[in-house]
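Q: Predicted model and sequence follow; I will ask about them next.
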Amino acid sequence: MSASDVSAWCESHGMKRFRAKQILEWVYQHGEPDQLKWTNLSERDRRCAKEELSVLTGRTISHQLATDGTQKLLIQWDDGPASADPLRVLAEDSSLQTECVMIPSLGQDVHRKTACISSQVGCPVGCKFCASGLSGLDGNLSAGRIVEQAWRLGQLEGVGRISNIVFMGMGEPLSNFKPVVNAVRTLSAAPPEGMGIGARRITISTVGLPKAIERLADELELPVTLALSLHAPNDDIRRELIPWAEYTSIDQLLSACSKWFAKTGREITLEYTLLGRLNDQPHHAKELVGVAKSLRANINLIRYNEVDGLPYKRPRDNDVTRFQTILRDGGLNCHIRASRGRDIAAACGQLRHEHQTDSPS
Ligand code: SF4
């Protein structure tokens, strides 16, 4: 529910409008999901809220802490008729699970605390190297459930205030468009109406749906960052890795990204996962320079985290640094993203995959 939904709900239940502000403060500022503990509401209003408002609709079934401080949650959504979420779009299934990850800062920026959240249960794209896409799409997440992941991560011990959000967990955010946009509005809304995370610090990462990129530029008034998962320097390799690349060429994606830049004035981030020997060689880097220099973009290089059962390899350190040097020599702004949480299977979809593989059901 947005802040105005909560106001409307209060009014329709005979409560003063200021109750909405109090309710939102309990949820987003005090982090108190139990309606009966909202002590500045009358007992009647607390009971009414308990009966009709679901603050949390999932439960954490696994919590892992890595040696580098990265924390990962596996959340299960036990759908039931009591769910009050108006945007509920998940199928009635008792085993739907999503992952989210809390990544603490590394190095100088001690205030940077990044929550990586999911937009879907599973993923329809099915990238060949990714654990999330292994069994396809099980459902979309509502806006409430997307926000709930960030809320739960913010409640973990020692986390405090989340500074950044990345939609780089399970799912293709732009194929669950409305809930993602509504979630971004709540995540970025100033307290008490939301979590107060600046829109510029929210990154939506997409495998590339040109029409949806243009729609996002048109409809979302907030200055979010867009990241395009390129992962290949040419269409042939991209099609090998990403089934949806069959329908969209790199040229079409770059054209949508140029329109995004023209409309929003904000640079794109290109995400490039380096897979050992497959797309991490010097000729790949040179080809990528040719592709990327037409665009105002920053490039993030990501070392692949190996997934059990998949044939792809982590790149060698020398190949990674050589790749970065070629991009920089080609005039591109390029960073190697630090690998985090390797000891807790922090790559997208791995924990869920392992949990389901281990489960006797
Ligand atoms: S890499 Fe992203 S888009 Fe591809 S299958 Fe995994 S979650 Fe989906």
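A: Now that the structure is in, tell me what you want to look at.

Q: show me where the protein has helices.
A: Using DSSP state H, the helices found in the chain span residues 3-12, 18-24, 43-52, 143-155, 177-188, 210-219, 235-241, 250-264, 282-292, 317-329, 350-358.

Q: comparing the ones you listed, which gets the lowest mean pLDDT score?
A: Lowest mean pLDDT within those: helix 350-358, at a mean of 66.

Q: hmm, back to that, right, so the helices of the chain: which one is the most enclosed?
A: helix 143-155 (a mean of 24; mean count of other Cβ atoms under 10 Å). All C-beta atoms are positioned from the backbone trio N, CA, C, and that covers glycine.

Q: is the spatially most central residue of the chain in a bridge, and if so with what?
A: Residue closest to the average C-alpha location in the chain (Cα atoms, centre = their mean): Phe167, at 1.9 Å. Going by DSSP bridges, Phe167 is paired in beta bridges with Ile204.

Q: show me the contacts for the closest residue to the ligand within the stretch 151-300 of the chain.
A: Distances between the stretch 151-300 of the chain and the ligand by Cβ to the nearest ligand atom are smallest at Val207, namely 4.3 Å. The contact partners of Val207, by Cβ atoms under 8 Å, 6 or more residues apart in numbering, come to 125, 127, 172, 228-229, 242, 244.

Q: repeat that for 7 Å
A: 125, 172, 229, 242, 244 (Cβ atoms under 7 Å, 6 or more residues apart in numbering).

Q: so what's the nearest residue to Ala49 once chain neighbours are set aside up against?
A: Excluding the flanking residues, the one nearest Ala49 by Cβ to Cβ, 6 or more residues apart in numbering is Gln35, at 4.1 Å. When contacts are counted by Cβ under 7 Å, 6+ apart, Gln35 touches 46, 49-50, 53.

Q: can you check Tyr247 too?
A: With Cβ under 7 Å, 6+ apart, Tyr247 has no contacts at all.

Q: cool, Phe261 as well?
A: For Phe261, counting by Cβ under 7 Å, 6+ apart, the contacting residues are 267-268, 296.

Q: Get me the contact residues on the chain for the ligand.
A: Counting by Cβ under 6 Å from any ligand atom, the chain comes close to the ligand at 123, 125-127, 130, 132-133, 170-172, 207, 348.

Q: Drop anything exposed from these.
A: 123, 125-127, 130, 132-133, 170-172, 207, 348 (16 or more other Cβ atoms under 10 Å).

Q: Of these, which is the nearest to Lys72?
A: Cys348 (10.6 Å; Cβ to Cβ).

Q: Dump the helices of the chain to TSV, plus distance to Ala66.
A: As requested, those are exported to TSV (distance: least, Cβ to Cβ, whole Å):
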stretch	distance to Ala66
helix 3-12	35
helix 18-24	33
helix 43-52	36
helix 143-155	14
helix 177-188	24
helix 210-219	32
helix 235-241	27
helix 250-264	33
helix 282-292	30
helix 317-329	20
helix 350-358	11
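
Q: How are the strands of the stretch 1-150 of the chain distributed by residue range?
A: Ranges of strands in the stretch 1-150 of the chain, per DSSP state E, counting those that start in this stretch, are 58-65, 71-77, 96-103, 114-116, 120-122, 137-140.

Q: That'll do, ta.
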